[in-house]
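[1] What would the 3D arrangement of this be:
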Amino acid sequence: MKYKNLLSLKSLIVLGFATAVIPLFLGVMYAAYGLRETAELGRTINSQVFEQTKTIRTVLQKSSDIERKARLFVLLSDPALRQPYERESYESARASFKQALSDLLKLHVDNKIALLVNELSEKENLIYQQIISSETDNSFKLPIDEAFLGFRESSNVLSREFENHVEHTFNELRQLSESLEQGLLFKGAILLMLSCALVFALLKILSGSMRQLDTAIRRLGSSELQEPIEVSGPADLRYLGERLEWLRTHLIALESSKQQLMQNLAREIEQPLQHIRNGAEQLHAPIEQPTANANTDITLQMEASVDKLKTVSEQLLKYSQIQSSLPNQDIEILNMHELVETTLEHFKDALQAKSINVKKLIKPLQIEGIAEQCRGIVEELLINAIQFSPENGEIRIMLRDSGDVMELEIEDDGPGIEPDNRLQVFEPFYRGSPANNPEHGDNHGLGLAMVREYVAHHQGQIEFIDPRQDHLGARVRVQIPLDFAA
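    Residues are numbered from 1 along each chain as shown. Sure thing, here's the model as predicted:
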């Protein structure tokens, strides 16, 4: 899956933590926001209801005052008895009543209460008009008790309607709180399910990758190396799978090398053992007239075979010691120019014996390395070059630095190495084709394997490359870092 390629194990851990924390954080924030909104709405409603209640009480009180003032004003209908302040007191009560109604309407009451307020105001106006008109004709169009009864009923209806309004408002607030609570529970459940789904998906991804890794490791442990290792999932685990695949291929190569070593070793000791067996049979066989020369020849042949087996044994012991030694032991600064010159001087007699000319381009160069192993690299490569070079041949040696590595090239005029065999010649006891190299078919073939181990200990590489133009011999190149410790 594509999204898996974008994630690492660290990213999945962070994502898993986020999927557990973020829904909880969102739920808490949503709950806090809901509670804040509900509290704010509750405060607003309480404030509005408080103001409306206070104003309604003022209206009811003023309605009672205006009824009392109106009744008193009517009872004192005789102008001789009515004092001037009675009219002013009545007008003042009316003004206070009208102001209370206006204040109530300013509080944005609902339409029904507004209609009742207007109705109460109209009835008060009707009573006022009748009272004022009675000053001239001393009579009411409606009986005074009936007029004030209607006014009082309107006040009572307004009071009851306001009580219903308050109850309805608080019921709405309670329903809103219940709805918010249900919403919190529902959204919390959704967030919880989403978080669980994400965690389950992450666990599925990780568990799948872990199963693949477990299967791969079990197969490697039981030497089941046929199937390639593929691990999907986070980038870190896929990288681990790639390293396990590298290990699988490396184990296959090691197994192949082991089989090749056993086969080459069997072939290497087969001939000396056969010679010893034949010599022993000849010595024990009854001979009518044994001669001293015949026994001497058999003994020498058997001694040569024993020496060959001893050489193979010593080489195997040395090769095993190379592989088990620590790569950073006895590191020192080496003058490669001096080391190559000294080695050439050591092989001076062998070169002269075959009249081999040495053509060299050796630059002053120092590296960090193990002296014994670096000397072994140069000696073994020169041994092979001298051994396979023809009479009056030429060996070309080049030593230089190429960037941060040392390059050593040795080329001879021998029969060369076929491209298909350039990797196999580094296998222990590998033999080239006797048909191509009949005079060298007896070589035990462990030298180049040791050279490869020496180079590997110096974190370098060795390879046979194509010979130069107009040449057909073998050309080997060694590259070793100048700074071995790096």
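
[2] hey, where'd the helices end up in this protein?
    For the chain, the helices defined by DSSP state H occupy 2-5, 9-75, 84-106, 111-137, 144-221, 235-284, 292-324, 336-346, 348-353, 371-388, 447-457.

[3] buried residues in the last one?
    In other words, helix 447-457. For helix 447-457, burial by neighbour count (16 or more other CB atoms under 10 Å) applies to 447, 448, 449, 450, 451, 452, 453, 454, 455, 457. The way it works is simple: take the backbone N, C-alpha and C, and place the C-beta from them, glycine included.

[4] Was I right to think the first one contacts residue 380?
    Just to be clear, that refers to residue 447. Yes: when contacts are counted by CB atoms under 8 Å, residue 447 is listed as touching residue 380 (4.4 Å).

[5] Identify the residues contacting residue 356.
    386, 389, 392, 393, 394, 395 (CB atoms under 8 Å, 6 or more residues apart in numbering).

[6] ok, which pair from the residues you listed is furthest apart?
    By the measure CB to CB, 386 and 392 form the most distant pair in those, at 12.9 Å.

[7] Identify the contacts common to those two.
    Common neighbours of residue 386 and residue 392 (CB under 8 Å, 6+ apart) are 354, 356.

[8] Compare neighbour counts for these two and give me the winner.
    When residue 386 is set against residue 392 and neighbours are counted by other CB atoms under 10 Å, the residue ahead is residue 386, at 19 against 10.

[9] for the protein, longest strand please?
    Ordering each strand of the chain by length in residues (DSSP state E) puts strand 394-402 first.

[10] Just list what that one packs against, helices and strands only.
    helix 336-346, strand 357-362, helix 371-388, strand 405-411 (3 or more CB pairs under 8 Å, 6 or more residues apart in numbering; DSSP states H and E).

[11] which outside residues touch it?
    With contact meaning CB under 8 Å, 6+ apart, strand 394-402 is reached by 336-337, 340, 344, 351, 356-363, 365, 382, 385-386, 389, 406-413, 468, 479, 482.

[12] was I right about residue 89 contacting residue 69?
    Yes: the pair residue 89 / residue 69 is scored as a contact, 5.9 Å apart, by CB under 8 Å.

[13] what about stretch 105-113, how long is it end to end?
    9 Å (CA to CA, to the nearest Å).

[14] Show me which residues of it are buried.
    For stretch 105-113, by 16+ other CB under 10 Å, it's 109, 113.

[15] Mind checking the pLDDT average for that stretch?
    Mean per-residue pLDDT for stretch 105-113: 82.

[16] Could you do stretch 343-360 as well?
    Mean predicted confidence for stretch 343-360 is 91.

[17] I'd like the distance between residue 103 and residue 339.
    Look at residue 103 and residue 339: by CB to CB, to the nearest Å, they are 112 Å apart.

[18] These two: which is more packed in?
    Under the criterion of other CB under 10 Å, the comparison of residue 103 against residue 339 puts residue 339 first, with 21 against 15.

[19] Tell me where the stretch 1-150 of the chain is predicted with low confidence.
    Residues of the stretch 1-150 of the chain meeting the criterion pLDDT under 70: 1-9, 12, 20, 73-86, 134-145.

[20] so where is the stretch 351-486 of the chain shaky, pLDDT-wise?
    431-445, 484-486.

[21] switch to 50 and redo it
    434-443 (pLDDT under 50).

[22] Name the residues contacting each of residue 447 and residue 380.
    The overlap between the contact sets of residue 447 and residue 380 (CB under 8 Å, 6+ apart) is empty.

[23] list the contacts for the nearest residue to residue 48 once chain neighbours are set aside?
    Nearest residue to residue 48, sequence neighbours excluded (CB to CB, 6 or more residues apart in numbering): residue 107, at 6.8 Å. By CB under 8 Å, 6+ apart, the residues touching residue 107 are 48, 51, 52, 55.

[24] just to revisit the earlier point, restricted to buried residues, select the contacts of strand 394-402 in PyMOL.
    If you want just the buried ones from those in PyMOL, going by 16+ other CB under 10 Å, the selection is:
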select buried, resi 336+340+344+351+356+362+365+382+385+386+389+406+407+408+409+410+411+412+413+479+482
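
[25] still on that earlier bit, of all the helices of the chain, which lies closest to residue 472?
    The nearest among the helices of the chain, by CB to CB, is helix 371-388 at 11.5 Å.

[26] Please work out which residues outside the closest one touch it.
    With CB under 8 Å, 6+ apart as the test, helix 371-388 has contacts from 322, 330, 332, 334, 336, 339-340, 343-344, 346-347, 350-351, 354, 356, 367, 395, 408, 410-412, 414-415, 437, 440, 443, 447-448, 450-451, 454-455, 457-458, 473-474, 476, 478, 480.

[27] Compute the number of surrounding residues for the nearest residue to residue 209 once chain neighbours are set aside.
    Nearest non-adjacent residue to residue 209, counting by CB to CB, 6+ apart: residue 233, 3.3 Å away. Other residues near residue 233 come to 25 when the count uses other CB under 10 Å.

[28] Residue numbering should commence at 49 henceforth.
    Got it, the first residue is 49 from now on, which makes the last one we talked about residue 281.

[29] quick one: residue 281 from residue 245, how far?
    18 Å.

[30] and if you look at residue 251?
    11 Å.

[31] Over to residue 282?
    19 Å.

[32] between these two, who's got more neighbours?
    Between residue 282 and residue 245, residue 282 has the larger neighbour count (other CB under 10 Å), namely 23 against 11.

[33] wait, isn't the more buried one in contact with residue 257?
    Yes: counting by CB under 8 Å, residue 282 does reach residue 257; the two are 6.7 Å apart.

[34] State the pLDDT value of residue 233.
    What the model reports as pLDDT for residue 233 is 80.

[35] What of residue 269?
    Confidence for residue 269, expressed as pLDDT, is 84.

[36] Equivalent analysis for residue 322, please.
    In this model, residue 322 carries a pLDDT of 78.

[37] Pick out whichever of the contacts of residue 155 sits closest to residue 353.
    residue 96 (118.0 Å).

[38] So what's the residue count around the closest one?
    Using other CB under 10 Å, residue 96 has 15 neighbouring residues.

[39] Equivalent analysis for residue 67, please.
    Residue 67: 19 surrounding residues under other CB under 10 Å.
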